[in-house]
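Novice: Pasted the sequence and its predicted model underneath.
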Amino acid sequence: MSLPGFFQGTGMPDADWWQALWPAPQRVVDALGLEHAMVAIDLCCGDGWFTLPMARQARLVYAIDIDPAMLAAARRRLDEAGLAKGRFIVGDAFDIARLVPEPADFVFLANAFHGVPDQPRLARAVRQSLKPGGLFVIIGWHQRPREETTALGAPRGPASELRMTPEATIAAVVPAGFRLAMRAEVSAYHYGLGFARAD
C-alpha cells in the first residue's frame, strides 16, 4: 500500500480467509462492550467487516479509513444491509478528533494498532475523540510466529515482528489517559482490550 499515512502491515486481507477467521463479527463487537445507545467509531475500518455489525448495534457509526476504495466498500456493505446509521469519512487516523463532529462513546480499532508508527500519539488522539468514560477497544494479533496463525491452510496476518503482546499494547495506551477496563480472547489468534477514558 502506497497511500501516505497508511499503517504498516495493516492492508485489508482477502475476503475468503478473513471471513473464515472472523465468521461471527457481531459476537465480537457485542462482547467488547458496544451498546445500542452509543455513538461509535470504526477507526481504520477497511471494507467494513466490523462496521456492519457495529451499525446493527450502535445508534450511529462513523467509519474512518485512509483508503477511499475501502471506505466505498464499507458503505456498500451497509447499503446492501439496508442500514442508514453509517457516516463514512476518508482521513488519517491521527485526525480522529477533528474528523468526527461529536464525542464518541466507543472507538474500535481492529488489526491495525501493531502498524501505527506513533502508538501513544494515536491513543491521545482517540482519547480526545471520546466522551468521559468512553471506551477505546483494540483487537490485536497475539505475538505468535506468522506460520502458526493459519486460515484456509495458509499463514495469515502481519509479519511476526510487528505483532504485539497485550502487555505491550496496554503500555502504549494507558499513559495517554486510559485505564484497562476489559480483556478478552476474541479469536484463536486475537486478543481484545477495552480501555476506558480516565477522567
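Specialist: Perfect, thanks for sending it.
Novice: Quick check, central residue of this structure?
Specialist: Taking C-alpha atoms, centre = their mean, the centroid of the chain lies closest to Leu109, which sits 1.7 Å from it.
Novice: And the pLDDT for it?
Specialist: If you check Leu109, the pLDDT there is 98.
Novice: Give me the sheet partners of whichever helix or strand it is part of and which way each runs.
Specialist: Element membership for Leu109, per DSSP states H and E: strand 104-110. Within its sheet, strand 104-110 is paired with strand 39-43 (parallel), strand 130-141 (parallel), according to DSSP bridges.
Novice: model confidence over the shortest one, on average?
Specialist: Along strand 39-43, the predicted local confidence has a mean pLDDT of 98.
Novice: likewise the last one?
Specialist: Averaging pLDDT along strand 130-141 yields 97.
Novice: Pop out the phi and psi values for the closest residue to Gly91 other than its chain neighbours.
Specialist: Among residues not flanking Gly91 along the chain, Leu99 sits closest, at 4.5 Å (C-beta to C-beta, 6 or more residues apart in numbering). Yep, even glycine has a C-beta here, placed from its N, CA and C like the rest. When read as degrees, to the nearest 10, the backbone of Leu99 gives phi -80, psi -30.
Novice: Please list all residues in contact with Leu99.
Specialist: Tyr62, Ile64, Ile89, Gly91 (C-beta atoms under 8 Å, 6 or more residues apart in numbering).
Novice: ok, those residues vs Leu78, which is closest?
Specialist: Closest approach between the contacts of Leu99 and Leu78, by C-beta to C-beta: Tyr62, at 12.0 Å.
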